[in-house]
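> I'd like to go over a predicted model; first the sequence, then the structure.
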Amino acid sequence: MTETSPAILRVRDLRKNYRSGETTLEVLRSVDFDLAAGEFVSIVGQSGSGKSTLLHLMGLLDAADSGSIELDGTQIDGLSSARRDRLRNTAVGMVFQSYHLLPELDALENVLAPLMVRHGVLEWLRVRRDARDAARGLLDRFGLGGRLRHKPRQLSGGEMQRVAIARALVTRPRVLLADEPTGNLDEATGGGILDTLCELNHADGLSIVLVTHDAAVARRADRIVRLAAGRVDDAPHASDQAGQAGHACHADLRKAG
Amino acid sequence: MYKLLLCWRYLRTRWIALASIVSVTLGVATMIVVNAVMAGFSYEMQTRIHGILSDLVFESHSLSGFQDPQWHMDEIKRAAGDDIVGMTPTVAVPAMLNFQVRGQWITRQIMLIGIDAATHAQVSDFGRYLQHPANRGQLSFGLRDGGYDTVDSQSDTTVPTRPALEGAGWPHRRMRVERERVWREKLDADRRAGEGPEAAAAEPSRSVDQQVDAVLAATTADAPPAAAEAGGDLATPPATADPFRQARPIEGTRMDPANEQFTGIVPGIGLASFRDNAGTDRFLVLPGDDVKITFPTSGTPPKAVSDTFTVVDFYESKMSEYDSNFVFVPIASLQRMRGMIDPQSGLASVNSIQIKLREGADLDRVRDTLRKVFPADLYAVSTWRDKQGPLLAAVDMEMSVLNILLFLIIAVAGFGILAIFFMIVVEKTRDIGILKSLGASASGIGGIFLGYGLFLGIVGAGAGLALGLSIAWNINSIRAGVEWCTGERVFDPSIYYFYRIPSIVHPFTVLWIIVGAVGIAVGSSVLPALRAARLHPVEALRHD
C-alpha cells in the first residue's frame, strides 16, 4: 500500500532531545515513518515512548533536533516561522485528548477559528459566508447542527471532541493528526469518535495518524506503528493485526455496506 | 480576524481589565483639568501683565530720565518703521503714599507713574482697568461727579461688590468738606469755651497746606511759573530745586475744597481697599479724598518732597503686585514737581517711552533693532515678556513639573495594565497554545494583547477626555456645588482678584495627553504581548 500510493508524510531519521539542566532526555532516536495518502495509521507505545512528540513534530508544533519531515511534498525543516505557521494552518488538522477548544467561543466560532486565523479582517468579510456554510455543514454532519451557539462548557465530552474534529477539518487538510482522541471519553463515546474517523478516512480519503496507548483503539487503523524507547519497533506483535480485527474500519464499513 | 474577536471576547469576560481603564480615565481627566486651569491662570496673568506693560518699554537707566521724548520717539519711529502704532512717554519714580483713615496716617510704598492721559490708554489696556465708565473711554484726571461702578466691570457678576463707590466723586468730597467744616466749627466753639486746644492744633497747618497746594493746582494747566523753571535746573542748589518751596509763601488764594481739587491721581485699588470674607471691597480712601505723596526730585542728590493730590479713580489690573504698588499722575504735573523741565530749552525729561506695536509684529526683532540704534549703556529696551521673564518662566516651570507629576498617575495605570495582562497571559496560556496549533503566528498572538492594550488606552483616554472637558468647562458650577455641599470656600476671590476660576482648554495639550495615555497603555502591554508571543505551543498546550 505504502509503495503504491504517494507518501503524504515522510519522516526520516528524526531525533529529538529534551534538555532540563544537566540531564538530556532522548525522546526520539532516529525515527523513520511514512504515511501514504488515504492511509489510516495508529502509532502506539507506552507512556514516554515519544509518540506524542512525533505527532507534535509532524504537526509543526515543535522543531526536531535533526532528521527531516516531508509534509505533502514540502520539506518542513528550514522553513521560516511564517511559512511553518501557514503550513500548520492549511496542511494539518490536529485533534487532542482534552479537545482544546477556546472557552470564550461557541461551537461554530471554534470551528471557524482556523479560518479566522488564516484570513485578515477584510479578507474574512469576503469569505465569511462560505466559511460559515462549511463549518455548519461539518457540524451538521457530526450531529451538532442544533448546538452551534453552545459554549464548550455546555457540551459533553463526545460533542466537544466532534467540534474539535470539525475544527481540524474545516481547513480541508491532507492529514489529520489525532493525539489520544478517545482518552478522556467512555468506551461508547470513544467508539463513536473512532467511527467518525474511520468514515472520514474511508469516505473522504483523509490520511489519519492516530496516537494511542490503547491496543483496541489502535486496531481500528490500517496499520500499526509501534514506538518503543524513541525508535520504531519493527518486530511483529500478536495484537498488531490492524484491519483484521472485528472493529477495524474496513470491517465495519464492509459490514455496513 | 481572530484577534479582533478574541480581544472583544476577553474584554467582555475580564472585568478586572476595566479597572485599569478607570485609572487611565482618572489620570487623563485630572491632567486635562489641571492643564486647563493652569493655562487659564497663566493666560489671565499674561493678559494682565501685557495689559499693564506695553509691548515694548524704552527706558533710561537714570531716575532723572532723558530729555526731549519727542526726539526719541521720532528716532524710534524711524528705526522701527511701520511696526509701531502708538507711543507714550512716562515718568516712574519710587514714592510714598500717605493718607489719613480715622485719624491715623497710613503710609504705603508706591511707584509713582506720570502718564499722558490722552495717549496712555492707546499703548496698553490701562483704560480698561479704571472704575469710572467715562474714564475707561478717555481718562481724565479731573474728579467725576459720581457714577463710579459698584459692580466690578471686569467680572461677569451683577452683584454690587463695591457699595462704597456709590457716592464717590464730587458728592463724597463735598460731604467730607462739609463734615470737616462742621467739625472745625465745633472745635472753634470748644476753643472759645477754653477747651481742647491740642485737638485744634492740627487744623491750621492743614489749611496752610491746602492754600499752598491750591496755588499749585491753579498753575497746573498753565505754563510753569518762573520759580519752577529755575528749580528745574539740576545745577541749582537744593534749596531752590523744588518749585513748590518757592510757591509755598504765596498767600491770598484760598482754595475751596468743596468745588476744587488738587492734581488728580489714580492709585491702584489694592492701595486703597481690601476685600472682606464676603467678597465685598472695603475702601480706606474714595475718589474725592485727598492724599499726600512724597517723592524724590530730579536733582543730585534727589530730595524728598511732598504734595497733596486728589484721588479721582482706581486702577485695577487684578495683578495684586501692580494694584498695590502703582499710582498714576498726570505726567506734566510730575515733571514740573520733580523739576524735570529744562528752564532754558523748556524741554521736559521722561524716564521711559511705552511703545505699542501693530498686531502680529515680532517683539524681539523690533527690540533688537532699537537696541542697535540706541546705546545700551544709556537706554534699556525690553519687551513686556523680558520685564516679567522670571515670573513667566516660573509659571512655565510649575506647569511642566505638575504635568510630569500628573503623568505619573497614568504611568501607575500603565503598571496596572502590565500586571493584569501578565495575569491574563498566564491564565490563557492553553488558549494561546491552541491558537498556535491552529496556525496563529507569534506576532498575531502578540497583536491580541497589544490590541487589547490599545483598546483599554483609547476607551480610558476617551472617557477621561469627556470627563476632563466637562469638568474644565463647568469648573465654576462644580466649585459652587462643592462650596454649597461643604460650606467651605474652595476658591477665595479675595486672594486671586478673579471672581471665577479661569479655564482654557488647549486642543494641542489635550492631544498630547491623549497620545501619552494611549502610548502608556500600549507600551505596558508590550511585555505581556512578547511573553505570549514567545510561548512554546507544545508547552502551552500542556498548561493547565
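Good, I have the coordinates. Values in this document were obtained by computation on a predicted structure and should not be read as measured data.

> Hmm, B:Asp307 is touching B:Val291, no?
No - using Cβ atoms under 8 Å, B:Asp307 is not in contact with B:Val291; the gap is 9.8 Å. The way it works is simple: take the backbone N, C-alpha and C, and place the C-beta from them, glycine included.

> Grab the longest helix from the chain for me.
Since you didn't name a chain, this refers to chain A. helix A:121-141 (DSSP state H).

> try again with chain B
Every helix in chain B considered (DSSP H), the longest is helix B:389-427.

> buried ones in that one?
B:392, B:399, B:403, B:406-407, B:409-411, B:413-414, B:416-418, B:420-422, B:424-425 (16 or more other Cβ atoms under 10 Å in any protein chain shown).

> And for stretch B:172-188?
Applying 16+ other Cβ under 10 Å to stretch B:172-188 flags B:His172, B:Arg173, B:Arg176, B:Leu187 as buried.

> burial count for A:Glu187?
By the criterion of other Cβ atoms under 10 Å in any protein chain shown, A:Glu187 has 11 neighbours.

> where's it relative to A:Leu125, distance?
According to Cβ to Cβ, to the nearest Å, A:Glu187 and A:Leu125 sit 44 Å apart.

> can you pull out the strands in the chain?
In the absence of a named chain, this looks at chain A. Assigned strands in chain A, in chain order: A:7-20, A:23-36, A:40-44, A:66-71, A:74-75, A:92-95, A:175-179, A:207-212, A:223-228, A:231-233 (criterion: DSSP state E).

> Chain B, not that one
Secondary structure of chain B, counting by DSSP E: strands at B:56-60, B:66-67, B:84-101, B:104-115, B:263-267, B:273-275, B:281-283, B:290-296, B:304-311, B:326-330, B:349-350, B:352-357, B:379-383.

> want to try JSON lines for those, with mean pLDDT and mean neighbour count as columns?
Listed next are those as JSON lines, based on pLDDT from 0 to 100; neighbours: other Cβ atoms under 10 Å in any protein chain shown:
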{"stretch": "strand B:56-60", "mean pLDDT": "86", "mean neighbour count": "23"}
{"stretch": "strand B:66-67", "mean pLDDT": "82", "mean neighbour count": "18"}
{"stretch": "strand B:84-101", "mean pLDDT": "88", "mean neighbour count": "19"}
{"stretch": "strand B:104-115", "mean pLDDT": "90", "mean neighbour count": "17"}
{"stretch": "strand B:263-267", "mean pLDDT": "90", "mean neighbour count": "26"}
{"stretch": "strand B:273-275", "mean pLDDT": "81", "mean neighbour count": "18"}
{"stretch": "strand B:281-283", "mean pLDDT": "83", "mean neighbour count": "17"}
{"stretch": "strand B:290-296", "mean pLDDT": "91", "mean neighbour count": "20"}
{"stretch": "strand B:304-311", "mean pLDDT": "90", "mean neighbour count": "20"}
{"stretch": "strand B:326-330", "mean pLDDT": "91", "mean neighbour count": "24"}
{"stretch": "strand B:349-350", "mean pLDDT": "85", "mean neighbour count": "25"}
{"stretch": "strand B:352-357", "mean pLDDT": "86", "mean neighbour count": "23"}
{"stretch": "strand B:379-383", "mean pLDDT": "87", "mean neighbour count": "19"}
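
> ok, now which ones touch the one residue in chain B that gets nearest to chain A?
Per Cβ to the nearest Cβ, B:Gly439 is where chain B lies closest to chain A, at 2.5 Å. If you count contacts by Cβ atoms under 8 Å, 6 or more residues apart in numbering or on different chains, B:Gly439 has them with A:Asp85, A:Arg86, A:Leu87, A:Arg88, A:Asn89, A:Thr90, A:Pro114, A:Val117, A:Arg118.

> Leaving out sequence neighbours, find the closest residue to the fifth one.
Computed as Cβ to Cβ, 6 or more residues apart in numbering or on different chains, the closest residue to A:Asn89 that is not its neighbour in sequence is B:Gly439, at 2.5 Å.

> Give the burial count for B:Gly451, as a bare number.
19.

> who touches it in this structure?
B:Lys3, B:Leu4, B:Cys7.

> tell me the centre residue of chain A?
With distances taken as Cα atoms, centre = their mean, A:Leu177 lies nearest the centre of chain A, 1.4 Å away.

> and that residue, bridged to which residues?
Per DSSP bridges, the residues bridged to A:Leu177 are A:Met94, A:Val209.

> Tell me the pLDDT of it.
Per-residue confidence (pLDDT) for A:Leu177: 95.

> Tell me if I'm right that it and A:Leu57 touch.
No - using Cβ under 8 Å, A:Leu177 makes no contact with A:Leu57, being 10.2 Å away.

> what do these two both touch?
With Cβ under 8 Å, 6+ apart as the test, A:Leu177 and A:Leu57 reach no residue in common.

> if we can go back for a sec, export the strands of chain A to TSV and tack on distance to B:Pro257?
Converted to TSV, those look like this (distance: least, Cβ to Cβ, whole Å):
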stretch	distance to B:Pro257
strand A:7-20	107
strand A:23-36	112
strand A:40-44	121
strand A:66-71	114
strand A:74-75	113
strand A:92-95	108
strand A:175-179	112
strand A:207-212	117
strand A:223-228	122
strand A:231-233	125
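
> And the ones you listed: which comes nearest B:Ser524?
strand A:7-20 (32.5 Å; Cβ to Cβ).

> for the closest one, packing partners?
strand A:23-36, helix A:51-58, strand A:66-71, strand A:207-212 (3 or more Cβ pairs under 8 Å, 6 or more residues apart in numbering or on different chains; DSSP states H and E).

> swap the cut-off to 7 Å and go again
Packing contacts for strand A:7-20, counted by 3 or more Cβ pairs under 7 Å, 6 or more residues apart in numbering or on different chains; DSSP states H and E, involve strand A:23-36, helix A:51-58, strand A:66-71.

> could you check the angle strand A:175-179 makes with that strand?
40 degrees (axes from the mean of the first three to the mean of the last three Cα atoms, to 10 degrees).

> Residues touching strand A:7-20, excluding its own?
Contact partners of strand A:7-20, identified using Cβ atoms under 7 Å, 6 or more residues apart in numbering or on different chains, comprise A:24-37, A:53, A:57-58, A:64-72, A:174-175, A:207.

> got the residues of the stretch 101-250 of chain A near chain B?
A:Leu102, A:Glu104, A:Leu105, A:Ala113, A:Pro114, A:Met116, A:Val117, A:Arg118, A:His119, A:Gly120, A:Val121, A:Trp124 (Cβ under 7 Å from any Cβ of the partner chain).

> list the contacts for the fourth one?
Contact analysis of A:Ala113 by Cβ under 7 Å, 6+ apart lists A:Leu102, A:Leu105, A:Arg167, B:Tyr2, B:Leu438.
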